[in-house]
Structure formats: structure tokens, C-alpha cells
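Q: What would the 3D arrangement of this be:
(one chain, ligands or ions: 1)
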Amino acid sequence: MGLLGVGWMGRLHTTSYRRVRDHYPDLAVRPRFVVAADEVADRAATATGALGYERFTTDWRDVVADPGVDVVSITAPNHLHREMALASAAAGKPFWGEKPLGRGPSETAAIAAAAEAAGIVTTVGFNYRHAPAIVHARELIAAGELGDITSVRSTFLADYASSPGGGLTWRFTRAMGGMGVLGDLMSHAVDLVACLVGPVETVTAQGATFIAERPRIPMGATHFAVVEGGEAAPVENEDYTAALVRFVGGARGTLEASRVAVGPHARYSVEVHGSRGALAWDFQRLNELRLSLPGGPLGSGYATVFAGPGHGDFARFQPSMGIGMGYDDLKVVEAHGFLASVADGRQRQPGVAEARAMAEVLAAMERSFDSGAWEPVRPVAPDGEP
Ligand SMILES: NC(=O)c1ccc[n+]([C@@H]2O[C@H](COP(=O)([O-])OP(=O)(O)OC[C@H]3O[C@@H](n4cnc5c(N)ncnc54)[C@H](O)[C@@H]3O)[C@@H](O)[C@H]2O)c1
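A: As a prediction, this is how the structure comes out:
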């Protein structure tokens, strides 16, 4: 495999590929780490050390063109996703791409269309889907255990940019990040609720930028970096968004995402209410699902169920309930799904189709920022054009 971007996600994709052989020994595919690219030479050079790549380069096109590379991981900033994905598709090389897959909906749609036209399998980094508690939640909802779904809420509240000294990384510019918290965190929320209760039909949303400028910081610096002093430059995209949503199935709900929330570090939560039951999950308690089902031990109240063998891929990681999985494990599940698709040619979820559907919801939210109105989510035609 070849790696495009040796940052946080680039390193995590690599370690996840490596761990697939430990957790899924039955999968016949064994990744070989051929070449990694980063435009920051020092970063690129780290790839041949502990990360285990045979070579490194500062030009990502060398990776895609390399005849020894069969598949690529797209883990560079958002402004490069489109070009990288289109080049991979043109070379017939399947890719595992990070969300949001482009700077905005039109780029996501172009990526999806190119991948589908090329007939390659894809995986997109909506890792929260793979939490065993979420897999269990999805099964309960699909089996009708909650009855008719009435309301849904998700909050993705992060504090990574809550300090005004938080550096102006690529995430805060239109040219490189594209959308702000919409693409960064709301993308996860929209995908999570879609995977649990189905597509969103219409939205009304507001966005705000609370920290108008930040100190410049060089490419390659982590978005958790706080800088003393430094030249200030404007933040060009939204820090915060909140939306009212209506689902195709009739449920109503609220979605909220912030990158400047003081208090919660990473409260990625979802709660689903039905006519008979309810469930709630929070990333900070990844292995727990709170459930209220008819006849449950607390009547109509919530009881906590711990993820365990029998829930998603839990048994691949831990032998029994109460022994927790972590964030990185979700990426191993994702890496396995991608390699399994490469091996058997079967497209699994989430791939580019789910990313494109998610992006149309973000587009409707962004339109609503300006119009102040309810905005329908544009249906995606089979050929990929909205
Ligand atoms: N799924 C998740 O939970 C999750 C979490 C974090 C980030 N992401 C996504 O992953 C992607 C990367 O985010 P990150 O946090 O790893 O960012 P990062 O800044 O840590 O890493 C990005 C890397 O890409 C490199 N890069 C920049 N220009 C390049 C070029 N022209 N060619 C090759 N490399 C280049 C940078 O130098 C840096 O090393 C983003 O799209 C982001 O939205 C997903």
C-alpha cells in the first residue's frame, strides 16, 4: 500500500493495517508498506522508521504511479482529497479515504463519481460506525425493537480549537479545509444518524465563527497545538453549527457540532427515541450503550449494556464484556473492511456512496446558513449527480 499524508490519520491508517493481521488472522491479505508521501520532508522521512515503509517521497503522485502500490490511503488535508482520489481512480487503485472526502459536497460528489466509474472499492473514515455498541444499536433499530423512531439527536462537541491561541492549521482556511466544523465533525454526526435511522430529508441550520483569528502555524503541525504570540490570520470557516433535521422516515431531530466547546473534550453522542424504546451512546464511554426497552429492568428508564462478544467485531479485540476497546481499534475494524473489500471485490459500507449522501446534508445545512430557511437535502441520482 501507499500512504498520502503522514500526519495523525496517516500514522493511524498504517498501524491499523498492521494490526489487521493480529485481529483478523483469517484474512488472506497482508499489507506491504511500499511508499509514503508527505510534502513536509521531515514528516515523510519518518515513514521509513518505525512506520515501516520501504521508501518515502515528498510528491504524492509518485505513490499513486508506483507499480508496486496496489491501494492507497488518502490521509492528507481536505484540499488534496479530490486530486488524490481522482488520480487513484484513474490508476484503478482502490482507496481508503478520510472524511469528509473533499472540501465540500461538489468535491465529494466528483470523487464518488470517479470511483464508481473506475469500478474500484472504497472505504471512507466514518470510524464511529464500527463501535460495537453502535453496531448493536443499529441492529436493534433495524429489528424494530425501539418501535417507530420519533426523535434523534447527536452532539459532536470538541475542544481542540477552544483556545484563541490554537494554531491556524489547514482546518481553518477555505482553501485547504473547505468547510469548517461541518466537514470536520458534523460529517461524523450526519453519517452516524444516517447509518442508525436512515437519510435526512430536510434541515434548517445556523453556523457561527466564535474565534475570528488565530496565529499562523506551519503545515505538519497538529491541530491540537497552542501557539504563544505569532502572526494572526483570519479563520475562514465555521467553528459551530446546530441544525434541526427531519428524516425521510418521519423522525425529527437536532444535530450540533463545535470545535470550540469549552468543557467536553470529545463528546460525540447520539440518542434515538422510538415509540417503544430508546438508546443513547457517547464516544467518551465507547463501550457502553444505554438502553430503554419494554420490560427492561428499570421500566422506562435507561439501563447500561456493555459492549461484548456478539456485538460487531468486539470478539476480535477482547474476550469478554467490561474489557474496553478504544478509538484506534475502530480504525482496525475499518482497515479490515477495506482490505476485505480489496480481496473479494465486494463494496462494504461506508464507501464513497455514503460520503456523498452525507455531503448533500452538509450542503443543505450550508445553504440554510444563508437562507435561514428549511432546505431540502438534494437526492443523489444513480449517476452521482445531485
Ligand atoms: N476519521 C477521523 O476520526 C479523523 C480524525 C482526524 C482527521 N481526519 C481526517 O484525516 C485527514 C487528515 O487529518 P489529520 O488530522 O491527520 O491532519 P494532519 O495535519 O495531522 O496530517 C496531514 C498530513 O498531510 C501532510 N500534507 C500536506 N500537504 C501534503 C501534500 N501535498 N502531499 C502529501 N502530504 C501532505 C501534512 O504535512 C501532514 O503531515 C483530514 O481529511 C481529516 O478530516 C479524520
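
Q: Pretty sure Phe172 sits against Glu236.
A: Yes - between Phe172 and Glu236 a contact is recorded at 6.5 Å, counting by CB atoms under 8 Å. Heads up, the C-betas are built off the backbone N, CA and C, glycines and all.

Q: which of those two has more neighbours?
A: Phe172 (27 against 17; other CB atoms under 10 Å).

Q: Quick check: that one vs the ligand, distance?
A: 12 Å (CB to the nearest ligand atom, to the nearest Å).

Q: Now do that residue against Ile134, distance only.
A: 29 Å (CB to CB, to the nearest Å).

Q: And Met321, by the same measure?
A: 16 Å.

Q: Helices of the stretch 151-300 of the chain, residue ranges please.
A: 181, 187-197 (DSSP state H, counting those that start in this stretch).

Q: Met321 and Ile134: which is more packed in?
A: Comparing Met321 with Ile134 by other CB under 10 Å, the one with more neighbours is Ile134, at 24 against 15.

Q: check which helix or strand covers that one.
A: Assigned by DSSP states H and E, Ile134 falls within helix 132-142.

Q: quick one: that helix to helix 187-197, angle?
A: 40 degrees (axes from the mean of the first three to the mean of the last three CA atoms, to 10 degrees).

Q: Any part of the longest helix anywhere in the chain near the ligand?
A: As assigned by DSSP state H, the longest helix anywhere in the chain is helix 352-371. No - on the criterion CB under 6 Å from any ligand atom, helix 352-371 is out of touch with the ligand, staying 11.4 Å away.

Q: Let the chain start at 2 from now.
A: In the new count, where the first residue is 2, that last one comes out as helix 353-372.

Q: Sheet-wise, list the partners of the following helix or strand past that helix with their directions.
A: Downstream of helix 353-372, the first helix or strand assigned by DSSP H and E is strand 376-377. Under the criterion DSSP bridges, strand 376-377 sits next to strand 201-209 (antiparallel) in its sheet.

Q: Apart from its chain neighbours, what residue comes closest to Asp60?
A: Setting aside the residues directly before and after it, Asp60 is nearest to Ala38 in space (CB to CB, 6 or more residues apart in numbering), at 6.4 Å.

Q: neighbours around the one you found, how many?
A: 28.

Q: Find the helix or strand that Ile112 is a member of.
A: helix 106-119.

Q: Against Gly254, how distant is the closest residue to Ala262 other than its chain neighbours?
A: Spatial nearest neighbour of Ala262, chain neighbours left out: Leu158 (4.0 Å); criterion: CB to CB, 6+ apart. Leu158 sits 16 Å away from Gly254, taking CB to CB as the criterion.

Q: go on, Arg349?
A: For Arg349, the distance to Gly254 equals 26 Å [CB to CB].

Q: got it, and Val125?
A: Val125 is 22 Å from Gly254, by CB to CB.

Q: How about Thr170?
A: Thr170 is 31 Å from Gly254, by CB to CB.

Q: Could you give the number of residues near Thr203?
A: 17.

Q: In the chain, which residue sits closest to the ligand?
A: Using CB to the nearest ligand atom, Gly8 is the residue of the chain that sits closest to the ligand, at 1.7 Å.

Q: which residue is nearest the centroid of this protein?
A: Phe127 (3.2 Å; CA atoms, centre = their mean).

Q: So that residue sits against Gly352, correct?
A: No - look at Phe127 against Gly352 with CB under 8 Å: they stay out of range, at 9.9 Å.

Q: Put the alpha carbons of the helix or strand hosting Thr15 into PDB.
A: Element membership of Thr15, judged by DSSP H and E, is helix 9-24. The C-alpha trace of helix 9-24 is given here as PDB (Å, rounded to 0.1, in the frame of the first residue of the first chain):
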ATOM      1  CA  TRP A   9      -2.300  11.800  12.600                       C
ATOM      2  CA  MET A  10      -4.500   9.800  10.300                       C
ATOM      3  CA  GLY A  11      -1.600   8.700   8.100                       C
ATOM      4  CA  ARG A  12       0.100   7.100  11.100                       C
ATOM      5  CA  LEU A  13      -3.100   5.600  12.300                       C
ATOM      6  CA  HIS A  14      -4.000   4.100   8.900                       C
ATOM      7  CA  THR A  15      -0.600   2.500   8.900                       C
ATOM      8  CA  THR A  16      -0.700   1.000  12.400                       C
ATOM      9  CA  SER A  17      -4.300  -0.200  11.700                       C
ATOM     10  CA  TYR A  18      -3.300  -2.000   8.500                       C
ATOM     11  CA  ARG A  19      -0.500  -3.700  10.500                       C
ATOM     12  CA  ARG A  20      -2.800  -4.700  13.300                       C
ATOM     13  CA  VAL A  21      -5.300  -6.300  10.900                       C
ATOM     14  CA  ARG A  22      -3.100  -9.400  10.800                       C
ATOM     15  CA  ASP A  23      -3.300  -9.800  14.600                       C
ATOM     16  CA  HIS A  24      -7.100  -9.300  14.900                       C
END
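
Q: All good on my end, thank you.
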